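J.: compute the structure for the input listed below.
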Amino acid sequence: MKMTKSFTRSMNGSGLTPLRVLAMSMVVVAAALLARPAAAMEFQLSPLVAPASQERHVGKIVFVELMTPDLTAAKGFYSGLLGWTFRDIKDGPDAYSEAFLDGQLVAGISHKAIAKGERRQSAWLTFLAVRDVDATKKLALAQGAKVLREPYTRTNRGQEAVFADPQGAVFAVIASASGDPADELADPGEWIWSSLSTTDPDADAGFYQEVFNYEVFDLPAENGSEHLLLSSEEYARASINTLPANRPNARPYWLNYVHVDDVKAASKKLVTLGGRVLVEPREDRHGGMVAVVADPLGAPFGLLEWPDEQTKEVSK
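T.: Sure, this is the predicted structure:
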């Protein structure tokens with residue numbers, strides 16, 4: 001059931017994103033996941049939360065992971081832009097590195113080889129928290145999802161699986177072995193928001209509501225598009241937006257946003273580091289700035305200002 005509620009801040013993704021770039025990156029993620037052998041993931045990882053907690057926040061986006069054809073270049077870019085440091089887990093064709101900010105795990109970076117004739121494209125994968133991956137798989141399949149990677153366990157990290165929702169947007173789930181991160185506002189350099197752009201927001205909202213038990217709320221939108229908010233535990237988790245009508249063949253996708261102090265300055269710095277600005281910085285409805293960008297290997301993500309006085313708590 002869809003209701004209306006106020007929210008201190010909202011992200012309207014419709015009209016912002018360069019759809020061809022985003023759609024291509026999601027195709028690359030799906031293909032890489034289907035091709036990756038299980039043994040490739042059997043190495044020691046850092047826990048999601050350290051020290052371990054007892055917190056569980058089903059539906060919270062708790063991790064993101066980059067697939068890239070050049071892990072060294074990716075590390076240099078994100079270190080220069082966001083101040084991340086890295087811990088290399090494995091070398092060779094299955095190279096994997098963990099990204100940290102002030103000692104806190106913020107992302108994983110996985111090497112994905114480029115086949116001959118294939119374009120160099122990388123992409124970020126969004127992980128949502130669950131309590132039981134196998135139970136989530138059954139529920140997601142019953143609601144029309146497809147399994148792109150069957151449930152598997154990663155030492156210290158927990159159990160994971162990767163799906164495509166009924167409209168094709170790729171996402172992952174994780175039952176963390178160390179609990180879920182607390183509901184605190186992200187610091188600059190950390191992931192602060194995620195949005196799903198899709199052809200039928202109502203239908204996709206129904207899917208995610210069934211699988212993650214979200215509350216779904218309408219928010220004001222422009223040009224007749226839909227803008228829905230997903231929340232749980234009275235905390236905003238993500239938004240769902242309508243894909244622009246002039247791109248009928250565009251694929252639905254998730255897009256993750258990094259918290260930065262100054263979107264314009266970060267965008268300029270990103271270009272000097274070899275990245276691209278896909279959608280120029282613009283003011284959002286709450287007076288902050290937002291932009292959509294890509295790293296040097298083509299992985300899209302967002303930059304977002306979030307004033308300290310604004311929270312993710314929802315109020316009826």
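J.: report the contact partners of the residue nearest to Leu66 when sequence neighbours are not counted.
T.: Of all residues not flanking Leu66 in the chain, Ile109 sits nearest, at 4.6 Å (C-beta to C-beta, 6 or more residues apart in numbering). Every C-beta, even on glycine, is put in place using the N, C-alpha and C of the backbone. By C-beta atoms under 8 Å, 6 or more residues apart in numbering, the contact list for Ile109 reads 65-66, 68, 71, 74-75, 78, 86, 96-99.
J.: got phi/psi on Asp204?
T.: phi -70, psi -40 (degrees, to the nearest 10).
J.: roughly how far does it sit from Leu230?
T.: To Leu230, Asp204 is 10 Å away according to C-beta to C-beta, to the nearest Å.
J.: tell me how far the most centrally placed residue in the chain lies from Ile61.
T.: Nearest to the mean C-alpha position of the chain, counting by C-alpha atoms, centre = their mean, stands Thr126 at 3.4 Å. From Thr126 over to Ile61 the distance is 6 Å, taken as C-beta to C-beta.
J.: so what sits against both of those two?
T.: 194, 256.
J.: what ranges do the helices span in the stretch 51-200 of the chain?
T.: Under the criterion DSSP state H, counting those that start in this stretch, helices of the stretch 51-200 of the chain are mapped to 71-82, 133-142.
J.: looking at the ones you listed, which is buried most?
T.: helix 71-82 (a mean of 19; mean count of other C-beta atoms under 10 Å).
J.: show me what that one is packed up against.
T.: On a contact count with 3 or more C-beta pairs under 8 Å, 6 or more residues apart in numbering; DSSP states H and E, helix 71-82 meets strand 85-90, strand 96-101, strand 104-111, helix 263-272.
J.: shaky segments in this structure?
T.: Counting by pLDDT under 70, the chain has low-confidence residues at 1-43, 116-120, 220-224, 245-249, 285-286, 309, 315-316.
J.: if we go to 80?
T.: Within the chain, the stretches with pLDDT under 80 are 1-43, 91-93, 114-121, 219-225, 244-250, 285-288, 307-316.
J.: mind giving me the domain ranges of it?
T.: 2-17+187-315, 25-176 (automatic domain parsing).
J.: so how far is the last one from its chain's centroid?
T.: Here the centre of domain 25-176 is set off from its chain's centre by 10 Å, with C-alpha atoms, centre = their mean, to the nearest Å.
J.: wait, Tyr235 sits on Glu313?
T.: Yes. Counting by C-beta atoms under 8 Å, Tyr235 touches Glu313, with 6.2 Å between them.
J.: between the two, which contacts overlap?
T.: Joint contacts of Tyr235 and Glu313 (C-beta under 8 Å, 6+ apart) do not exist.
J.: how about the strands in the stretch 151-300 of the chain?
T.: 158-164, 170-176, 191-198, 215-218, 227-232, 235-242, 253-259, 276-283, 289-294, 300-304 (DSSP state E, counting those that start in this stretch).
J.: now the ones you listed in CSV, with distance to Val133?
T.: Supplementary listing: the strands of the stretch 151-300 of the chain in CSV, determined by distance: least, C-beta to C-beta, whole Å:
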stretch, distance to Val133
strand 158-164, 4
strand 170-176, 5
strand 191-198, 19
strand 215-218, 23
strand 227-232, 18
strand 235-242, 18
strand 253-259, 18
strand 276-283, 33
strand 289-294, 30
strand 300-304, 25
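J.: before we move on, back to that, just the helices and strands packed on helix 71-82: most buried one?
T.: Of these, the one with the most neighbours on average (mean count of other C-beta under 10 Å) is strand 104-111, at a mean of 21.
J.: compute the inter-axis angle for it and strand 85-90.
T.: With axes from the mean of the first three to the mean of the last three C-alpha atoms, to 10 degrees defining the directions, strand 104-111 sits at 50 degrees from strand 85-90.
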